[in-house]
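Participant: what's the 3D shape of this:
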Amino acid sequence: MAGPISSGAAPAATHNPGTRYGPALALLASLFFMWGFITVINNTLLPHLRSVFDLSYTQTTLIESVWFIAYFFASIPSAKLIERVGYQKSMVIGLLIMAAGALGMTLAASIPSYGVTLVMLFVIASGITLLQVAANPYVAVVGKPETASSRLNLVQAMNSAGTMLAPMFGAYLILGRSKGGTAQGEVVLTQAERLADAQSVVLPYVLVAIVLTVLAVVIARFPLPAMGNATQRHNKEERKKHSLWKHRNLVFGIPAIFIYLIAEIGVANLFINFVSQPHIANLTHEQAGNYLTFLWGGMMVGRFAGSAIMQRFDAGHVLAAFSIGAFVVMLVTVFATGPIAMWSLILVGLFHSIMFPTIFTLGIKGLGPLTEEGSGLLIMAIAGGALVVVQGWLADHYGLQTSFLLTAACELYVLFYALWGSKTTNALPDQHIEA
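Facilitator: Got it, this is the predicted structure:
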């Protein structure tokens, strides 16, 4: 699994044209599952840490900001590492980095320390970044370019399966085993209760570390297909003739990923606190964590449905329709109360489902030999999730419910990208690998 294969005048790659990539894609799907699972554990971890460390919304969302800052700093080193040691070894390294960070979380819980927690989450996110830089563009180029969005949405559905199961895992093993997680409404813990609650993080992260290590061993021993180096050398010469910044779909796609992540992460991270409020659903954090499963379940359903829909309809048009739906339900969330506000926030998961994979594939469309660089920039834009701290600040100063107006504004940019920004300019022959 080296670089993508050009469908243009590139020399023939050294792999067997009859090679089946199904097993490799199935294995990559397991990576999508795991990084989705681990990322969404944060959604139950954040209200837990808010109680343990007595944090404001700004301090709570700063935890998630540190997570996404890792994408900014780790993306380029990840690309360099992949170029140096190859995709397979890089994936193994990424999984082991994540396992090390998960074990580090048990240290943070034992102290307990807010600072060590931030560092270990940064380590885990750096490992996930390495996996993302490798897996997303690879899936996008395996097969015909016109079905790239459909294919990536299908594999991303496994990511959503991980995000759907993680809240139940976190609600049971973190929130369900802590004083702050089982109390009705906001609660102020004693020092002894904080120390006891902090320990509930140890078992879940030990289990996660074990699974990641086993998966690293499986991938290290799996016969992933090698794509050869001839095309990579050709691409390096071709890249010198072209500029990334002449491709409108990439130029506007980078901020589209960045802005979309603000919306997705803001909804997920503040969901439990939002629905726990007396005028919304009046739930405990543990109960609210179970409802979070519906949010991520909607994303999984939406990606399976989106994959099928985009076999027949233009990806940009589908993205526009979903962004309009997301904007409408976010307005309902802001201005409604009770179960209506809760279920409208849950429903945004369905509309968010196709956004990342569709923006990604539209962003790299027509980049030809520039696909790898473009992919790296789009993955780096995931750092937009770090700006969830802005929503935390809005929640502290104007109210949690009002802060979701920021999410609604983000949906409008996605609509702009779908209707105009995603149109290709100076398109080059698409790169793809025929399975």
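Participant: So which residues make contact with the helix or strand hosting residue 346?
Facilitator: If you go by DSSP states H and E, residue 346 is part of helix 338-352. Here helix 338-352 makes contact (C-beta atoms under 8 Å, 6 or more residues apart in numbering) with 260, 263-264, 267, 271, 274-275, 279-281, 291, 294-299, 301-302, 322-323, 325-326, 329-330, 332-333, 336, 401, 404, 407. Yep, even glycine has a C-beta here, placed from its N, CA and C like the rest.
Participant: wait, residue 60 sits on residue 45?
Facilitator: No. Counting by C-beta atoms under 8 Å, residue 60 does not reach residue 45; the two are 10.0 Å apart.
Participant: Give me the neighbour count for residue 221.
Facilitator: 9 (other C-beta atoms under 10 Å).
Participant: ok, now how distant is the nearest residue to residue 353 once chain neighbours are set aside from residue 330?
Facilitator: Computed as C-beta to C-beta, 6 or more residues apart in numbering, the closest residue to residue 353 that is not its neighbour in sequence is residue 302, at 2.6 Å. According to C-beta to C-beta, to the nearest Å, residue 302 and residue 330 sit 16 Å apart.
Participant: what's the answer for residue 139, then?
Facilitator: Residue 139 is 29 Å from residue 330, by C-beta to C-beta.
Participant: repeat for residue 84
Facilitator: 43 Å.
Participant: Between those two, which is the more surrounded one?
Facilitator: Using other C-beta under 10 Å, the more surrounded residue of residue 84 and residue 330 is residue 330, with 25 against 9.
Participant: For the closest residue to that one other than its chain neighbours, what are phi and psi?
Facilitator: Residue nearest to residue 330 in three dimensions, not counting chain neighbours: residue 408, with 4.0 Å by C-beta to C-beta, 6+ apart. For residue 408, the backbone dihedrals (degrees, to the nearest 10) come out as phi -60, psi -40.
Participant: tally of neighbours for residue 408?
Facilitator: Applying other C-beta under 10 Å, I find that residue 408 has 19 neighbouring residues.
Participant: Wait, it touches residue 327, no?
Facilitator: Yes. Residue 408 is within contact range of residue 327, at 5.6 Å (criterion: C-beta under 8 Å).
Participant: in the stretch 151-300 of the chain, what spans have low per-residue confidence?
Facilitator: Scanning the stretch 151-300 of the chain for pLDDT under 70 picks out 151, 170-198, 224-240.
Participant: do that again at 80, thanks
Facilitator: 151-155, 163, 167-202, 223-242, 286 (pLDDT under 80).
Participant: need the contact list for the residue nearest to residue 353.
Facilitator: When contacts are counted by C-beta under 8 Å, 6+ apart, residue 302 is found next to 160, 322, 349-354.
Participant: what two of the residues you listed are the furthest from one another?
Facilitator: Using C-beta to C-beta, the contacts of residue 302 span at most 14.2 Å, a distance reached by 160 and 322.
Participant: I'd like the distance from stretch 62-76 to the chain centre, please.
Facilitator: 12 Å (C-alpha atoms, centre = their mean, to the nearest Å).
Participant: got a list of contacts for that stretch?
Facilitator: Here stretch 62-76 makes contact (C-beta under 8 Å, 6+ apart) with 39, 42, 45-46, 49, 117-118, 121-122, 124-126, 128-130, 132-133, 261, 265, 269, 376, 379-389, 392.
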